[in-house]
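**Q** how would this look folded up:
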Amino acid sequence: MPNPTSSSVDGDGVRVQAGVIGGSGLYEIEGIQDVQTVSVDTPFGAPSDDLVVGTLSGVRVAFLPRHGRGHRISPSELPSRANIWALKALGATHVLSISAVGSLREELAPRDVVIPNQILDRTKGVRPASFFGDGLVVHIAFAEPYCPELCDIVTRCARETGATVHQGGTMVVMEGPQFSTKAESAFHRQIGGDLIGMTALPEAKLAREAEMCYCTVAMVTDYDCWHEEEDSVTAEMVVANVRANVATAKAIVRAALPHIAAAPRRCACGTALDGAIMTDLAQVPERVLEQVGLLLGKRLEG
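**A** Sure, this is the predicted structure:
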């Protein structure tokens, strides 16, 4: 990868079409050009790290290491609002989340790729899950937490890479940073979970509030701890399979980007705030409107 230049921006002057949130190394994709490191200021603090912006497969894209370079940030401590805001400020309309997950089903084997379509929230409410509040009430629709159109594109492109790909499934999002107990793993299977991870929420909710299309590329690393014939998940096991999956993740991103950029947006993600804002904006404190002005856009005019 070429040596990147550096800049600090508030979103002006640097524009991208898509964002990729994942581990460090994903932005070191062969063929990426015009690379620069970008620091984005947000009303919600600093993102997990500087973003790497470049052109890949003809598409301007921003890469963000979710846990920071060196994996410094625990899942419960992720600045998800700042991360999504930074991508929105750079112009991204689509977000690909590359995530290591555990499997709760026999058929979803380690090193398989899953594109889930549902989420079960098992976090503890300690993660800020909305850009709004403090005098501004917004109720977005979240029945389909992942963008169906984006998921279809990514599934098709993932299969073209030769990976073993499963479309659909329910992602259980737990708090962490500890892995599940056997009782919890059995419970998550009983309530309909297919995968388990720690980072899809609040990312998916925030992306919807930001009117961005969001899709998780779930890279299966283990069978959690429910499988009697497999070893229980350990950090060592996860890291080994994550490293094995990096090439697959890069290939999926590289293949999907041109299709994402070319496809018209017919989904409801881009208008998620229409009809969702319950508060008369004239009654909202000015400082709150200034904070979320990027999201409200033209709704603030007049």
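**Q** correct me, but Ala109 touches Val165?
**A** No: the pair Ala109 / Val165 is not scored as a contact, 11.9 Å apart, by CB atoms under 8 Å. Where you see a C-beta, it was placed from the backbone N, CA and C, and this is true even at glycine.
**Q** neighbour count: the two, which is higher?
**A** Val165 (20 against 13; other CB atoms under 10 Å).
**Q** low pLDDT regions in the stretch 151-300 of the chain?
**A** Flagging of the stretch 151-300 of the chain using pLDDT under 70 yields the residue ranges 233.
**Q** so which residues of it form strands?
**A** 165-167, 170-174, 195-197, 213-222 (DSSP state E, counting those that start in this stretch).
**Q** who does the third one pair up with?
**A** Strands flanking strand 195-197 in the sheet, each with its direction: strand 94-103 (antiparallel), strand 170-174 (parallel) (DSSP bridges).
**Q** could you dump the ones you listed to TSV with distance to Gln33 and mean neighbour count?
**A** Converted to TSV, those look like this (distance: least, CB to CB, whole Å; neighbours: other CB atoms under 10 Å):
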stretch	distance to Gln33	mean neighbour count
strand 94-103	19	26
strand 170-174	33	25
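**Q** nearest to Ala240 among those strands would be which one?
**A** strand 94-103 (10.8 Å; CB to CB).
**Q** picking up where we left off before, nearest to Glu230, of the strands paired with strand 195-197?
**A** Of all those, strand 94-103 comes closest under CB to CB, at 9.5 Å.
**Q** just checking, next helix/strand downstream of the closest one?
**A** Moving toward the C-terminus from strand 94-103, the next helix or strand (DSSP states H and E) is strand 113-115.
**Q** name the helices or strands packed onto that next one?
**A** helix 148-160, strand 165-167, strand 213-222, helix 235-262 (3 or more CB pairs under 8 Å, 6 or more residues apart in numbering; DSSP states H and E).
**Q** and it, how far from the chain's centre?
**A** The chain centroid and the centroid of strand 113-115 are separated by 14 Å under CA atoms, centre = their mean, to the nearest Å.
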